[in-house]
Every structure is written in structure tokens, then in C-alpha cells.
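Asks: Kindly return the folded structure for what I paste below:
(one chain, ligands or ions: 1)
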Amino acid sequence: MKSRHSHFLRCGMSAIAALAIPLAVAPPAQAADYDVGPIHITQTWARATPKGASSAAGYMTITNKGATPDKVTCVSSDASAQCQIHSMSTENGVMKMRPVAGLEIKPGETVTLKPGGYHLMMEDLKHPLQAGQSVKVTLKFEHAGTVDVDYPVVAIGAPAPGADTGGNMMMGGHGGPMMGPGGGMMQQNK
Ligand SMILES: [Cu+2]
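Replies: I've put the predicted structure just below:
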């Protein structure tokens, strides 16, 4: 059962131009804002993955406008068998990711999931994430409830939406051991 689609070349703006695949001309999915109870979610995005990658990361900004702390977990994603929230830290020069049982957002606080920090981790991908598409994820807030959120997929070499880093964070969030060697993570769009 081979379900991997090969009609869209990940690395290929030039390939797209050459092949003139109409599908590739579709406008990129737009990020939307989401509200669930006093929780406001904005700047959602995910990074495209190279062929063969087993996991993908999603990012967003969450604000708690309420008066009580809340905790968010990832229930499911339509692109992967599992979804978790991970923290990332550097210990002795080594980047480490750990599952977070529930990411707390205090009253009045804004937490940004971004490369190099907290992120959604979609594991056991069913298919690569392709730029221009989006991933639907169900998030659960302990108090505010459940919300379906779309994460527009951004090309691997593209600047992170809302990032002020000039855009070459690249695989900042995910150069870890999960990706394995030879996964082609360092390829960039030309
Ligand atoms: Cu992770």
C-alpha cells in the first residue's frame, strides 16, 4: 500500500514552473485566528517535511484572556497517527525535546510555539506535509475545551511566519535525533 504522493515536488519551485502543474498555482492556505472560551490562537503554521520524514512540527501563538490558568494538549492531527506538545531545551550543547503533558498558559499570558522552543509534534506521519496545504489539528484546553485548528504548511526553506529572525531558522526546531541522518532535512528550496 503505497500512499506517498509524488506529484508535488517538495524542492521545486523550478520544477513546478517547468511542469506547470495547475495544482501548484493554488493560493497558499491562509492562517486564521481561533477562539475557544477565553483562549485566542493565532499565527498557526507548520513546516513542510521532506519525503520520508516521520515527524513534523506545528507552531502557533496562544493567549489566555481569561482569569484562570489553562493547559493545552494535542488530541489528534489529520496528518499523523500521534500528536503531542514538546518542549525543547539545550542541555550541555545538545538540543532535547520532551513531551509536555499539558502546556500551561497563565491568565493574561501569551505563549508562542516556535522553532527552537515549544512545538506541536506530529509523529508517525501519514504523508509528507506539502507547502501550500494545511494540517488540521484538534487541540484540547483543560478548561476552555476543544478546538480544531488549521496549520498552513510553509515551505522548508521559507521564513517562519511572524518570525523576526530573517527567516533562516530553518530546521531550528528539528535537527534532533528524531530526524535521523540522510533525511534530507538540509535541502532548501532554490
Ligand atoms: Cu518535537
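
Asks: Excluding residues flanking it in the chain, which one is nearest residue 98?
Replies: residue 87 (5.3 Å; Cβ to Cβ, 6 or more residues apart in numbering). Quick note: C-beta positions are derived from backbone N, CA and C, even for glycine.

Asks: And the pLDDT for that neighbour?
Replies: At residue 87, the model reports a pLDDT of 97.

Asks: where's it, which helix or strand?
Replies: Element membership for residue 87, per DSSP states H and E: strand 80-91.

Asks: ditto for residue 58
Replies: Assigned by DSSP H and E, residue 58 falls within strand 55-64.

Asks: Just the CA trace of that strand, in PDB.
Replies: C-alpha atoms of strand 55-64 as PDB (Å, rounded to 0.1, in the frame of the first residue of the first chain):
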ATOM      1  CA  SER A  55       7.500  13.600  12.200                       C
ATOM      2  CA  ALA A  56       6.500  17.200  11.600                       C
ATOM      3  CA  ALA A  57       6.300  20.300  13.800                       C
ATOM      4  CA  GLY A  58       3.500  22.900  14.100                       C
ATOM      5  CA  TYR A  59       3.700  26.300  15.700                       C
ATOM      6  CA  MET A  60       1.300  29.000  16.900                       C
ATOM      7  CA  THR A  61       0.700  31.800  19.400                       C
ATOM      8  CA  ILE A  62      -1.800  31.200  22.200                       C
ATOM      9  CA  THR A  63      -3.100  33.900  24.500                       C
ATOM     10  CA  ASN A  64      -5.200  33.300  27.600                       C
END
